[in-house]
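Student: Got a predicted structure plus its sequence, pasted below:
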Amino acid sequence: MLWLEGVSAGYGGVTVLRDLSFAARAGEVICVMGRNGVGKTTLMKCIMGLVPATAGVVALDGEAMQALPAHEVPRRGIAYVPQGRRLFGPLTVAENLAVGLMARNKGEAVRERVLDLFPRLRERLTQVSSTLSGGEQQMLAIARALCLEPKVLLLDEPTEGLQPSMIAMIRDVVVGLRATGVATVLVEQRVSAVLGMADRVAFMDQGRVAEVLDCAGLQADAPQFRRYVGV
Amino acid sequence: MGFGPFLLLALLEGTVAAAVLALTAVGLSLVFGVMRVVNVAHGEFFMLGAVVAWFVAAAVPGHAAMGFMLALVVAPLVVAGVAALADWLVLKRLNYDPEATIVATIGLLYILQQSALTFFGPTPRPVEAPFTWRIQTPWFGYSGYKLFVVLAAIAILLAVWAFMTRTRAGLVMRATQVDRQTARAFGINVDRVYAGTFALGAGLAAVAAVLVVPVSQAHYLMGGDPLLLSFIVVIIGGLGSLRGTLVAALVIGLGDGVISMFFSPTLAKIIATLLVALVLVFRPQGLFGAKA
């Protein structure tokens, strides 16, 4: 289980996350929503150790992570798909996957399982990743993260700029991960995508998680969407 | 001697210069490419390689080849160790800030240079070549050792290429070069990659120096020219581009050899510097560099 308690973090002298508390259970898909600038991406980076927590606790299965160097966080089992994909552009598809596999010393079997999820990548293994289409790049970004066989998967706006068929495919992958016990934390702006994937929604406001709702029975016109997301 | 043989001799000299320059410049290019650090002390790592080679060769009795071969192993390792120490003591503490590291490596340049003056002295000292065979052409005899330098440089550059493209460590370095934050998010210890890259870059400069020191001499001020020429090569080839560095080293090395022989070494440097100015004006990213 991923657990954050009283976390503060920011950049330089600017505090973005303020006394934030949050939890994601194994096998759960939890979506983080909020207006631009409330700290959703900072939350992701803070969990990864890329933006250090200045206060509070970030813990995975009871182990405090906030004091670890950033490169130790993925080794403990947290994988990250950053906003904008951030592939290693000049590297091939196979090399991007190899970087993912290295993090937790995973082998060929894991790579094959990941490629079974994204058969199109299997056809493009020797292709330089920056030459892939936007959808294929997003597949690769998710595949690279899944190569860690993570306990927790962080996805920052994975459907941004993608066509509906690609969004459906990503939804199927996320929903499929739920059955394997992976906790998925998803930053998303589209209400329809959230309701199709998530078990719970955490609404962020001013650097805090203001409200957490179960998705069961939640409608797209729920007042929380208007209040926290503006849709 | 007619023009043809004279040109052949100039091209041979240029090829030797290009081979040594390529090794030195690839080290500088790797450091900039992966770490975004402009290492002004790179020429001093070259000098340190030559100085350590002299100490090793002088300490080994018997045939010159024994001392030279040992120097070829020991000097790059010692220089790489010094570079790793400098990375840990200085660059890491500056968080590899591009501007601060320029100033820091200028300081490192003087520390290394003055240390060499203190412990090695101001007198240039030769290292004996491992062999003295000459290859006889109909017009002139040419040092077999110089051809060995070219072959050794090609072998080492191929090894560097294989290391970067075929090994796990090379993949880690290339991933870090592209995006260090994402590299960290995939478990790559970026600090360790940087230390290794800085050591490798310095080690390559030291290898180049060990190869060249039997045909020049070890001297505490010998780092200036390799630094200038390496910067010229790396800027023309494209900062961080290994392919560009190799092509530019060949052009500058051959040009340097031919112009130095037919005209003067000073004119060769003037033309090379002019070429850098033209590249900076018309193609700032270099011949093979990616646009920022």
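Tutor: Sure, I can see it.

Student: From here on, just use CA atoms for contacts and neighbour counts.
Tutor: Noted.

Student: how about the nearest residue to the closest residue to chain B within chain A, chain neighbours excluded?
Tutor: Ranked by CA to the nearest CA, the top residue of chain A for proximity to chain B is A:His71, at 4.1 Å. Spatial nearest neighbour of A:His71, chain neighbours left out: B:Gly187 (4.1 Å); criterion: CA to CA, 6 or more residues apart in numbering or on different chains.

Student: A:Pro69 is in contact with the one you found, correct?
Tutor: No: the pair B:Gly187 and A:Pro69 fails to qualify as a contact (CA atoms under 8 Å) at a distance of 9.6 Å.

Student: For these two, indicate the residue with more neighbours.
Tutor: B:Gly187 (24 against 15; other CA atoms under 10 Å in any protein chain shown).

Student: Quickly find the element holding the more buried one.
Tutor: Using DSSP states H and E, B:Gly187 falls within no helix or strand.

Student: Spit out the contact partners of it.
Tutor: A:70-75, A:102-104 (CA atoms under 8 Å, 6 or more residues apart in numbering or on different chains).

Student: A:Met197 versus the closest residue to B:Gly196 other than its chain neighbours, what's the distance?
Tutor: Spatially, and ignoring its direct neighbours in sequence, B:Gly196 is nearest to B:Ala84 (6.9 Å; CA to CA, 6+ apart). Going from B:Ala84 to A:Met197 by CA to CA, to the nearest Å gives 48 Å.

Student: And for B:Ala18?
Tutor: 60 Å.

Student: And the two? Which one has more around it.
Tutor: B:Ala18 (27 against 23).

Student: just checking, that one is part of a helix?
Tutor: Yes: assessed by DSSP: H, G, I helix; E, B strand; the rest coil, B:Ala18 belongs to a helix.

Student: buried residues in the longest helix seen in chain A?
Tutor: The longest helix of chain A (DSSP state H) is helix A:164-179. By neighbour count on 16 or more other CA atoms under 10 Å in any protein chain shown, the buried set for helix A:164-179 is A:166-168, A:170-171, A:173-175, A:177-178.

Student: same deal with stretch A:14-31?
Tutor: Quick answer for stretch A:14-31 (16+ other CA under 10 Å): A:16-21, A:23-31.

Student: Could I get the CA-only coordinates of that stretch as PDB?
Tutor: Output in PDB follows, covering the C-alpha atoms of stretch A:14-31 (Å, rounded to 0.1, in the frame of the first residue of the first chain):
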ATOM      1  CA  VAL A  14       7.600  27.800  -3.300                       C
ATOM      2  CA  THR A  15       5.500  25.200  -1.400                       C
ATOM      3  CA  VAL A  16       3.200  23.300  -3.700                       C
ATOM      4  CA  LEU A  17       2.000  20.400  -1.600                       C
ATOM      5  CA  ARG A  18       0.800  21.400   1.900                       C
ATOM      6  CA  ASP A  19       0.200  18.800   4.600                       C
ATOM      7  CA  LEU A  20      -1.100  16.300   2.000                       C
ATOM      8  CA  SER A  21      -2.400  12.900   3.000                       C
ATOM      9  CA  PHE A  22      -3.400  10.200   0.600                       C
ATOM     10  CA  ALA A  23      -3.400   6.400   0.300                       C
ATOM     11  CA  ALA A  24      -3.700   3.900  -2.600                       C
ATOM     12  CA  ARG A  25      -4.400   0.200  -1.800                       C
ATOM     13  CA  ALA A  26      -3.100  -2.800  -3.700                       C
ATOM     14  CA  GLY A  27      -5.400  -3.600  -6.700                       C
ATOM     15  CA  GLU A  28      -7.000  -0.200  -6.600                       C
ATOM     16  CA  VAL A  29      -7.200   2.400  -9.300                       C
ATOM     17  CA  ILE A  30      -7.300   5.900  -7.800                       C
ATOM     18  CA  CYS A  31      -7.600   9.000  -9.800                       C
END
